[in-house]
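Asks: need the 3D shape of this:
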Amino acid sequence: MKFLCEACKAELVCESEEEINAETALPHRWYKRCIDERDYILCDVCGNIRHFKGGVSAYLTDCLNLPDTARADVAEEVAASSRSRNRKRPRRNWKFG
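Replies: Below is the predicted model:
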């Protein structure tokens, strides 16, 4: 099966079904992202959540010919990634001596 990233035009050929995620029907680490009510198939680089923090990145806007006001439906993922990055780690009380 052949997959094509709609942003960077990267191509991936999957020989076996083990390389495809059963839930999404896409290769592992590839994403289906909804931008302006349209689904795009994106590779692991272009579909990374970093391209959606603070809105759709300029790179994706340019590659996908989107308007500057394009919106992506990834708010829950962005919030989850921010929570894990900003969580407070427990303080360690080291005692020497």
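
Asks: tell me the phi and psi of Arg38?
Replies: phi -130, psi 140 (degrees, to the nearest 10).

Asks: count the residues that sit near it.
Replies: Burial of Arg38 is recorded as 11 neighbouring residues (other CB atoms under 10 Å). In this view, the C-beta of every residue, glycine as well, is placed from N, C-alpha and C.

Asks: could you do Lys32 as well?
Replies: Residues near Lys32, counting by other CB under 10 Å: 12.

Asks: not counting sequence-adjacent ones, nearest residue to it?
Replies: Of all residues not flanking Lys32 in the chain, Asp39 sits nearest, at 5.3 Å (CB to CB, 6 or more residues apart in numbering).

Asks: got it, and Cys34?
Replies: Residue nearest to Cys34 in three dimensions, not counting chain neighbours: Asp73, with 4.4 Å by CB to CB, 6+ apart.

Asks: mind listing the helices for this protein?
Replies: 58-63, 75-86 (DSSP state H).

Asks: pLDDT weak spots in the chain?
Replies: 75, 77-97 (pLDDT under 70).

Asks: that'll do, ta.
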